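here are the coordinates; sequence isn't available:
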């Protein structure tokens, strides 16, 4: 061990220190705020979680709908009354028997690759893509037997039975129109255009760096001259809600929908003049937080027990502690955001623990020595802390009337396996989406034909009521709007009398924007809309 | 002695590489069966996100993903792929897995190398200083800081740094790896990445730093009491030189082992830091793959990860011999 052999180590550590010192100096020179000097009008939004596809034709996950809706368009748009508006179709006519729907298409629309958009594209999109591969479209377009194309600007849907719900499923983010010339003769599911969409929308796909960002640019040949108002739309991916809060506050992030920040931060953002917080723009989605009860359970099979549980929940307090006030009270399975179907005239269950206890006694489940009558297990998909709070809250409430509750937060695949494949649950808490039409959104939870073991988000309670089945089946094919509304009113009454599902609330997923951002919520499609008029001052 | 140690020990490396192949296949098989224990599959996960699906659609997905085949057949095809170094295809991302992984590798490597170098540099400085001023103020201060860094969760440190340096002071961006709005090239591009790298690298470095400091301080204290140090002092060599040259070399061996483990585990080691800073690394990819039951992707990352661990261990063993020539490689 002499000095010579130790030399390399000495220089090495000295070099290390030098490196450290120089990097500190280096750090000092660049750690200054560098203004983003872009001449282009660029807006940075976020979508969370990151979409795992660019096109909503094969994957209906909410983040995919948001990104897809900027590049692809549908036949129709919608206003806040959920009334169809022109988009790629300029006018439409539903035959009185409901078996024919003709669409007049917009003239002069071009795909992003420059080819003209025609009725052949509509026929191909509906029959070959959406009816075959779209997770919801398979049901929605089931009754469409053909799409006729008498001329390039007319598309006529032929139906085997009336399908009134179809008119509410034609938005660009839900049922995108796709170019026949890009997809025909290819393996549709593996077409490269699925990750780099060719649409007719105001924005063109540029780049997707997975886990990092998505860049879209203005479509200069967009049919609505002068639009879009932005030159570039950048989507940044932040996996951590607290990081999104910081990015909003640092001014790096301008816009985010579907509740981009934690619920307990919303009030602070609402009071800050630097931000705009919008609660509208989710009326086409209508996701409800509900408890689905497994009627195969000997306790839950008794109607008195289900009613007792409903009476045991203090829903005013739940509103404050679980959703921080950002939710709408429900009276039944249809929220007030669908005014043409909603009714308040249903059996109701006020918060009343004495009544709950009486009902439980009557059902034949007296209190044991420990004050408990029986135990149930509540399972929910672990997707955020709202359900964790709700689980704790319900446990306290149910225990007060002698119903003990085991809590289980499971990751999504586990939740789906246990609830829908194995029916291994007592109560399941999950977001049930009514969509814009109960025939699409609600029927699957209440119709006995929707008891399909292994299929997620259908009737898992095992609930069967012939009257309910009849009402729902009729409503699905009733072309007359008034008669259909009556059928849905009856649906709400039966649902609240039988209670296979306890509706808790419609959570409001806010959209947060920098105060400089304008036109970010222009209709019920919210952040899913095309954003042709979105701009930043 | 020095001459034999400098010769590359080919026999040793060959034997170890052979073991490595067996180990990696063993790990792959264990991983495969472990992941089968997770309830639900990729089709369930996809359906869960879509919020809807009919039975035929799910059956189609399972057929396409190859989930309808017998388990042993799936295992065999997985092992065949590994043997051919073909990572396969992720249906989830509609992309080759090799592309997915290698696209994210640079970000992960950059974060890892920067943070380990930072942690090593500061850790050595802290550890040696603490040992030299044993039980005096500098030692107390350094030990306190190391304990605090060790006890604080990295995501909290990360968030606090974002609040201070990004939101309050506006020095650094809150997350990501580059400024997409102003896509800069060349030197400006390097600066841009460096600005984004500063906070995540520091956060990750703090985590290692605490361990390195404590390890090195303990090692130094032990070595500084040995005879040869007393001899060196008697020769009149400066305290600084004794610490950094004579003592450090022996005290650093345990540190090398730990750094080796950190480097070997780098593929999945920075999930929290990546999450907080939206850093597009492999840790996030792996995390998401688990929740989406993208087992092809997850298994591929785990196999790669095990390769890195095995290689890092080999390098550590070789380094031992370089740092301390009395270590024999057999």
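All right, it came through fine. Not measured: the values here are computed from a predicted model.

Which pLDDT value belongs to residue A:147?
Listed pLDDT for residue A:147 reads 96.

Using the three-state scheme, assign it.
Recorded secondary structure, residue A:147: strand (DSSP: H, G, I helix; E, B strand; the rest coil).

show me the contacts for the closest residue to it other than its chain neighbours.
Leaving aside its sequence neighbours, residue A:147 sits nearest to residue A:123 (Cβ to Cβ, 6 or more residues apart in numbering or on different chains; 3.9 Å). Heads up, the C-betas are built off the backbone N, CA and C, glycines and all. Taking Cβ atoms under 8 Å, 6 or more residues apart in numbering or on different chains, we find residue A:123 in contact with A:147-149, A:155, A:180.

and residue A:123, which of the three is it?
Under three-state DSSP, residue A:123 falls in the helix class.

Can you say which of the contacts of residue A:123 are buried?
Neighbour counting with 16 or more other Cβ atoms under 10 Å in any protein chain shown marks A:147, A:149, A:155, A:180 as buried within these.

residue contacts, the last one?
It stands for residue A:180. Contacts for residue A:180 (Cβ under 8 Å, 6+ apart) come out as A:120-121, A:123-125.

a markdown table for those residues, including pLDDT?
Listed next are the contacts of residue A:180 as a markdown table, based on pLDDT from 0 to 100:
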| residue | pLDDT |
| --- | --- |
| A:120 | 97 |
| A:121 | 97 |
| A:123 | 97 |
| A:124 | 97 |
| A:125 | 97 |
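
what's the closest of those residues to chain B?
Using Cβ to the nearest Cβ, residue A:125 is the member of the contacts of residue A:180 that lies nearest chain B, at 17.8 Å.

just checking, what packs against the helix or strand containing residue B:203?
Element membership of residue B:203, judged by DSSP states H and E, is helix B:186-223. For helix B:186-223, the packing partners by 3 or more Cβ pairs under 8 Å, 6 or more residues apart in numbering or on different chains; DSSP states H and E come out as helix A:3-30, helix B:97-132, helix B:137-151, helix B:154-161, helix B:248-251, helix B:253-264, helix B:271-276.

give me the residue from chain B nearest chain A.
Relative to chain A, the nearest point of chain B is residue B:40 (2.7 Å; Cβ to the nearest Cβ).

How about the contacts made by the residue lying closest to that residue once chain neighbours are set aside?
Closest residue to residue B:40 apart from its sequence neighbours, by Cβ to Cβ, 6+ apart: residue A:413 at 2.7 Å. The contact partners of residue A:413, by Cβ under 8 Å, 6+ apart, come to B:38-42, B:44-45, B:48, B:291-293.

redo that, cut-off 6 Å
B:40, B:44-45, B:293 (Cβ atoms under 6 Å, 6 or more residues apart in numbering or on different chains).

could you dump the residues you listed to CSV with distance to residue B:56, pLDDT and neighbour count?
Conversion of the contacts of residue A:413 to CSV gives the following (distance: Cβ to Cβ, whole Å; pLDDT from 0 to 100; neighbours: other Cβ atoms under 10 Å in any protein chain shown):
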residue, distance to residue B:56, pLDDT, neighbour count
B:40, 19, 82, 22
B:44, 15, 83, 27
B:45, 18, 82, 23
B:293, 20, 86, 28
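
okay if I get the residues you listed as a markdown table plus secondary structure and distance to residue A:329?
Formatted as a markdown table, the contacts of residue A:413 follow (DSSP: H, G, I helix; E, B strand; the rest coil; distance: Cβ to Cβ, whole Å):
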| residue | secondary structure | distance to residue A:329 |
| --- | --- | --- |
| B:40 | coil | 33 |
| B:44 | helix | 32 |
| B:45 | helix | 32 |
| B:293 | coil | 36 |
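
related to what we said a few turns ago, quick one: mean pLDDT over the helix holding residue B:203.
pLDDT averaged over helix B:186-223 gives 89.

ditto for stretch A:290-306
97.

now it, how far from the centre of its chain.
Mean-position distance between stretch A:290-306 and its chain equals 27 Å (Cα atoms, centre = their mean, to the nearest Å).

buried ones in that stretch?
Buried residues in stretch A:290-306, defined by neighbour count with 16+ other Cβ under 10 Å: A:290-295, A:297, A:299-300, A:302, A:304-306.

Sort out which one of the residues you listed lies nearest chain B for me.
residue A:290 (13.3 Å).

So the closest one belongs to a strand, correct?
Yes: checked against three-state DSSP, residue A:290 lies within a strand.

hang on, the earlier thing: just the ones of the buried residues of stretch A:290-306 in strands?
Under the assignment DSSP state E, these contribute A:290-293 to strands.

Closest to residue B:12 out of those?
residue A:292 (61.9 Å; Cβ to Cβ).

who's the closest one bridged to?
Beta-bridge pairing for residue A:292 (DSSP bridges): residue A:428, residue A:501.

Next, count neighbours for residue 142.
Here I'm looking at chain A. Neighbours of residue A:142 under the rule other Cβ atoms under 10 Å in any protein chain shown: 15.

My question was about chain B, not that one.
Neighbours of residue B:142 under the rule other Cβ under 10 Å: 21.

just residue B:91 next, same as before
20.

Burial check on the closest residue to it other than its chain neighbours, number of neighbours?
Leaving aside its chain neighbours, residue B:91 sits nearest to residue B:65 (5.2 Å; criterion: Cβ to Cβ, 6+ apart). Under the neighbour criterion other Cβ under 10 Å, residue B:65 is assigned a count of 21.

show me what contacts residue A:77?
Listed by Cβ under 6 Å, 6+ apart, the contact set of residue A:77 reads A:85, A:87.

Next: the one 3 residues further on.
Residue A:80 makes contact with residue A:524 under the criterion Cβ under 6 Å, 6+ apart.

Now do the same for it: helix, strand or coil?
coil.

likewise residue A:377?
At residue A:377, secondary structure determined by three-state DSSP is strand.

Can you give me the distance of it to residue A:426?
5 Å (Cβ to Cβ, to the nearest Å).

Let me see the mean pLDDT of the helix or strand hosting residue A:131.
Element membership for residue A:131, per DSSP H and E: helix A:131-133. For helix A:131-133, mean pLDDT is 89.

which residues sit against the helix or strand following it?
Moving toward the C-terminus from helix A:131-133, the next helix or strand (DSSP H and E) is helix A:137-140. Applying Cβ under 6 Å, 6+ apart, the external contacts of helix A:137-140 come out as A:130-131, A:166, A:169, B:54.

hmm, back to that, and the helix holding residue A:131, does that touch chain B?
No: no part of helix A:131-133 sits near chain B under the criterion Cβ under 6 Å from any Cβ of the partner chain; the closest distance found is 8.2 Å.

roughly how far is that helix from the heart of the chain?
With Cα atoms, centre = their mean, you get 20 Å for helix A:131-133.

That concludes my questions; thank you for your assistance.
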